[in-house]
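[1] Give me a model of this one.
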Amino acid sequence: DLSMEESGGGSVQPGGSLRLSCKMSGFTFKFYPMSWVRQAPGLEREWVADINSAGDRTDYEDSVKGRFIISRDNAKNMLYLQMNNLKTEDTARYFCAKDFGGGTIRGRGTQVSVSS
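    All right, here's what the predicted structure looks like:
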């Protein structure tokens, strides 16, 4: 069965950094593009970043460009999101997803809270 488990969230002050991780199983990870999405309370789910299967092409939502970096380790079936210079508006629950644009989500997400 398809499985995803996010980790690495936490509470930080504005300007801080966090690195999210996602462990996946149940499919051939290296063949698929992956993405991160987030959802803040009361708001719709929002796409954050994409990465292709080889890990050499990425795309970002405008508000996180230059601050977030998506990456992957195909040998370990792991997806990552390095988040730098965090802002209060980044507060949300973050989910990893199979395919571009947040196609398939199976995990519970990891909470990121940014406040002073």
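
[2] How about the contacts made by F100?
    F100 sits next to 33, 35, 50 when contact means Cβ atoms under 8 Å, 6 or more residues apart in numbering. All C-beta spots, glycine's among them, are computed from the backbone N, C-alpha and C.

[3] So which bits of stretch 104-112 are buried?
    By neighbour count on 16 or more other Cβ atoms under 10 Å, the buried set for stretch 104-112 is 105-107, 109-110, 112.

[4] could you redo those as TSV and give each row pLDDT and secondary structure?
    Putting these into TSV (pLDDT from 0 to 100; DSSP: H, G, I helix; E, B strand; the rest coil) gives the following:
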residue	pLDDT	secondary structure
I105	89	coil
R106	88	coil
G107	91	coil
G109	97	coil
T110	98	strand
V112	98	strand
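
[5] which of the residues you listed sit farthest apart?
    Of all pairs drawn from those, the one with the longest distance (Cβ to Cβ) is R106 and V112, at 19.1 Å.

[6] where exactly do the helices run in the protein?
    For the chain, none of the segments meets the definition of helices by DSSP state H.

[7] show me what contacts the residue nearest to the spatial centre of the chain?
    Per Cα atoms, centre = their mean, the C-alpha nearest to the average position across the chain is that of W36, at 3.3 Å. The contact partners of W36, taken as Cβ under 8 Å, 6+ apart, are 20, 22, 48-49, 70, 79, 81, 94-97, 102.

[8] switch the cut-off to 6 Å
    If you count contacts by Cβ atoms under 6 Å, 6 or more residues apart in numbering, W36 has them with 48-49, 81, 96.

[9] Check Q13 too.
    S116.

[10] on that earlier part again, the contacts of W36 into TSV, with extra columns for neighbour count, pLDDT and distance to Y60?
    Below are the contacts of W36 laid out as TSV (neighbours: other Cβ atoms under 10 Å; pLDDT from 0 to 100; distance: Cβ to Cβ, whole Å):
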residue	neighbour count	pLDDT	distance to Y60
V48	26	98	7
A49	23	98	5
L81	26	98	10
C96	29	96	15
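
[11] In strands only, show me those residues.
    Those of the contacts of W36 mapping onto strands are 48-49, 81, 96, per DSSP state E.

[12] No further questions, thank you.
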